[in-house]
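Asks: sequence below, structure please.
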Amino acid sequence: TTAGQMWIIDEKRIVDQVYISDDNKPVQLNLLVKFYPQDVNDLIQDITKHLFYLQVKDQILSRIIFAPAEVCVMLASYTLQAKYGDYDPQKHKSRTAGKTSS
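Replies: Take a look at the predicted model:
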């Protein structure tokens, strides 16, 4: 395939499956998960969990897969928790979402 998506066959070398143009421009490969695990805890390595998260996030945002609003809010909260840690009123004063002064 010259463009678009295709699945790589494990038994064959990637160079034998990817079209390389005559001008030898670099080929960009985006490796994705073909089958989703029943339980994300089945993913053992941290890098695998991270790459899986990035793929799912991208596919939700680009509407390739559907997630209800409640699930999106939960996933966003997990992202914030992972990025900023536990809520600390002293540390997160100016970044508190949804709080208004009266």
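
Asks: so where's the protein uncertain?
Replies: Within the chain, the ranges that satisfy pLDDT under 70 run 1-4, 92, 94-102.

Asks: which residues in it form strands?
Replies: Assigned strands in the chain: none (criterion: DSSP state E).

Asks: which stretches of it form helices?
Replies: Listed in chain order, the helices of the chain (DSSP state H) span residues 46-61, 69-84.

Asks: in JSON lines, list the ones you listed along with distance to residue 23.
Replies: Bear in mind the C-beta positions are built from the backbone N, C-alpha and C, glycine included. Shown next, in JSON lines, are these (distance: least, Cβ to Cβ, whole Å):
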{"stretch": "helix 46-61", "distance to residue 23": "29"}
{"stretch": "helix 69-84", "distance to residue 23": "40"}
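
Asks: and residue 91, which of those is closest to it?
Replies: Nearest of the helices of the chain to residue 91, taken as Cβ to Cβ: helix 69-84 at 8.5 Å.
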